[in-house]
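1. compute the structure for the input listed below.
(one chain, ligands or ions: 1)
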Amino acid sequence: MVKGERIHYSHRQIPILKGVNVDLEYGEILAIIGPNGAGKSTLLNILSNELKSEQVDFKKLSFSNWDTLELSRHKAKFSQHFATDIPLTVEEVVIMGRYPYFSSEPDEADWSAAHAAMAEVEISELGKRPYNHLSGGEKQRVHLARVLAQLKNVIAHKLLLLDEPLNNLDVKHQHLVLDIIGKLVKQGNSVVLVLHDLNLAAQYAHKILLMKEGKVLSVGKPEEVMTTEFLSAAYGFPAQTFLHPETGKRLIFFGDK
Ligand SMILES: Nc1ncnc2c1ncn2[C@@H]1O[C@H](COP(=O)(O)OP(=O)(O)OP(=O)(O)O)[C@@H](O)[C@H]1O
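-> Now for the predicted structure:
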């Protein structure tokens, strides 16, 4: 679905990404992890075409060959840098996700997509409330509903990119969002997300890409990447890994005590 080969990116001649390879299949969740400043958000911006790179293909076509409107029906991105002050109601913010589908007014299908997305992230009852009155976690779910509404269409193999989507969310809503992602990929869509919570990454992602200083330190299945050696080296802090007694998935603990 998305293939990037030897992605390089510099800002004012300072290299940020130094030859990163990414290969995302249909129906796959890829979690990008790594310490602060490793280049995770920059890589996500390149994979979403917010930063331009000729080294990335989306569905076997360079982004520059895609029609912009068509592309916005195939992929959507959630970013942490959403506006905290928007003088609109919650449902008016969510309906923005339908801009690729209507020119003047949203129709019934647009509203039904928006309302379905709001129900998924459990904000239906907030629909008429002013967005500005919501808590941080509620605002975050409004924007998640907006990007989910954007991808409600009959196109096969859509791509959802999420930059730290679980920040501000309580445990239940973190798992709610990860379950929504799980359902999306079961339908053949793909998800790339930047996560700081390594245990959630190990629990839900099919593939992990561990970054350090603009390079890929390791990529593969959680059990291949989330080893004591790789994690300690990436984060510069002693890591211990265990296996969940029932699921066999990795559990990660930092510290040497
Ligand atoms: N627009 C920019 N101008 C200057 N430097 C930038 C810019 N964007 C990114 N960088 C630098 O590139 C490096 C990688 O940044 P990036 O945001 O991709 O890291 P990250 O892994 O997502 O970090 P974090 O976990 O802290 O969010 C950092 O050193 C950052 O300062």
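2. contacting residues around Leu148?
-> Contacts for Leu148 (Cβ atoms under 8 Å, 6 or more residues apart in numbering) come out as Ala76, Gly97, Ala117, Glu120, Val121, Ile180. For glycine as for every other residue, the C-beta is placed from the backbone atoms N, C-alpha and C.
3. one more time with 7 Å, if that's ok
-> Leu148 makes contact with Ala117, Glu120 under the criterion Cβ atoms under 7 Å, 6 or more residues apart in numbering.
4. got it, and Glu138?
-> Contacts for Glu138 were tallied using Cβ under 7 Å, 6+ apart; they are Ile123, Leu126.
5. ok, it to Glu122 distance?
-> 10 Å (Cβ to Cβ, to the nearest Å).
6. and for His133?
-> With distances taken as Cβ to Cβ, His133 is found 17 Å from Glu122.
7. so which of the two has more stuff around it?
-> With neighbours defined as other Cβ atoms under 10 Å, His133 and Glu122 compare such that Glu122 has more, 14 against 11.
8. strands along the stretch 1-150 of the chain, start to end?
-> Under the criterion DSSP state E, counting those that start in this stretch, the stretch 1-150 of the chain contains strands at 2-11, 14-24, 29-33, 56-58, 61-62, 75-78.
9. next, whichever residue of the stretch 51-200 of the chain sits closest to the ligand: phi, psi?
-> Of all residues in the stretch 51-200 of the chain, Val194 sits closest to the ligand, at 6.3 Å by Cβ to the nearest ligand atom. Note on Val194: backbone dihedrals following degrees, to the nearest 10 are phi -90, psi 130.
10. so it sits against Leu43, correct?
-> No. Using Cβ atoms under 7 Å as the test, Val194 is too far from Leu43 to be in contact (8.3 Å).
11. more neighbours: these two, which one.
-> Leu43 (28 against 24).
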